[in-house]
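>>> what's the 3D shape of this:
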Amino acid sequence: MAKRDVYEELKDLQAEMVKMISKFEQVQDEVTQTLEQNAELEIENQHLREVLRSDRNEGISGNNTEPPLSKSRKNLEKLYEEGFHVCNFEYGKRRENDEPCAFCLDVIYGER
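Numbering: from 1, shown residues only. Here you go, the predicted structure:
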């Protein structure tokens, strides 16, 4: 092998190594961002669990025999009151003349 060929191979190898190092640093930055985001979400999740526990304790200690509706069920209730079905059978369809739907009511108020 000529000296020139060895030198060219070394230059090519060095260029590939630079690309690999760059790619490695990029992946490392993404992993770091993901770990930071994960830590933030764990903290937020813990905070939300504490809020839920306090809300449940207030609901249990209150005079209400029925627990309050969850946020998602309140959203369904709002859609239902605006005249839309929220049941599995007719979801998203408009309720004609605002007729009541037992299936929708069961979705909103059933098994709380």
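>>> Would you map out the domains in this structure?
Listed domain ranges for the chain are 1-65, 69-112 (source: automatic domain parsing).
>>> State the helix or strand in which the residue positioned nearest the centre of the chain lies.
Taking CA atoms, centre = their mean, the centroid of the chain lies closest to Leu41, which sits 10.2 Å from it. Assessed by DSSP states H and E, Leu41 sits inside helix 3-61.
>>> Distance-wise, check Glu25 relative to Asp12.
Separation of Glu25 from Asp12 (CB to CB, to the nearest Å): 21 Å. Glycine gets a C-beta too; all of them are placed from N, C-alpha and C.
>>> Export stretch 30-47 to CSV, keeping only CA atoms.
What follows is stretch 30-47, C-alpha atoms only, in CSV (Å, rounded to 0.1, in the frame of the first residue of the first chain):
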residue,chain,number,x,y,z
GLU,A,30,-31.8,13.8,23.3
VAL,A,31,-31.5,11.3,26.1
THR,A,32,-30.7,14.0,28.6
GLN,A,33,-33.8,16.0,27.4
THR,A,34,-35.9,12.9,27.7
LEU,A,35,-34.7,12.2,31.3
GLU,A,36,-35.3,15.8,32.3
GLN,A,37,-38.8,15.7,30.9
ASN,A,38,-39.4,12.4,32.6
ALA,A,39,-38.3,13.8,35.9
GLU,A,40,-40.6,16.8,35.5
LEU,A,41,-43.6,14.6,34.6
GLU,A,42,-43.0,12.4,37.6
ILE,A,43,-43.1,15.5,39.8
GLU,A,44,-46.2,16.8,38.1
ASN,A,45,-47.8,13.3,38.3
GLN,A,46,-47.1,13.1,42.1
HIS,A,47,-48.6,16.6,42.5
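>>> Tell me the gap between that stretch and the middle of its chain.
Relative to the centre of its chain, stretch 30-47 is centred 13 Å away, using CA atoms, centre = their mean, to the nearest Å.
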